[in-house]
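# need a structure here:
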Amino acid sequence: MKRRSPQVLLLGLLLLPQLSALAQSEVELKRYADLDRQCEAAREKKLAPLRAKKIDACVNDEKRSRAECEDEFGSFGNTRGKSGGGAISGMFYDVPECVAASAARNQYRQ
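Residues are numbered from 1 along each chain as shown. Reported below is the predicted structural model:
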């Protein structure tokens with residue numbers, strides 16, 4: 001059996017905390033992605049009926065094609081670009097799932 005040099009063992013000991021931190025950050029990233037998915041699902045549950053009403057009103061009241069109305073209102077309630085230097089916030093980011101996702105990210109940044 002071949003003996004490892006002290007330098008190799010020392011290098012391994014020095015890298016161990018960084019590898020552990022990397023594995024932990026991957027776990028955190030997966031957790032944040034899961035929280036984000038829960039947030040978006042909760043938002044979509046609230047947005048879907050509002051979006052459908054907008055599309056139906058566009059078709060029935062404005063006599064436009066469903067495809068045209070879906071194209072215009074298909075992303076209703078989501079963040080859209082910037083206005084006057086600030087981002088236009090999407091709707092329903094105040095649902096508990098989104099508040100939890102935001103709190104988790106803010107806690108990590110501290």
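# quick one, helices of this structure?
6-62, 66-73, 96-109 (DSSP state H).
# Compare the ones you listed and give me the one nearest residue 90.
In terms of C-beta to C-beta, the element of those nearest to residue 90 is helix 6-62, at 7.3 Å. (C-beta placed from N, C-alpha, C; glycine too.)
# Residue 93: neighbour count?
15 (other C-beta atoms under 10 Å).
# Would you confirm that it contacts residue 43?
Yes: Residue 93 lies in contact with residue 43 (C-beta atoms under 8 Å); the separation is 7.1 Å.
# which regions of this protein lie under the pLDDT threshold?
1-24, 79-88, 108-110 (pLDDT under 70).
# same thing but at 90, please
1-29, 78-90, 104-110 (pLDDT under 90).
# Now render the helices of the chain as JSON lines, adding distance to residue 89.
JSON lines is the format used below for the helices of the chain (distance: least, C-beta to C-beta, whole Å):
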{"stretch": "helix 6-62", "distance to residue 89": "12"}
{"stretch": "helix 66-73", "distance to residue 89": "18"}
{"stretch": "helix 96-109", "distance to residue 89": "11"}
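# Reformat these into CSV and put mean neighbour count next to each item.
Listed next are these as CSV, based on neighbours: other C-beta atoms under 10 Å:
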stretch, mean neighbour count
helix 6-62, 12
helix 66-73, 14
helix 96-109, 13
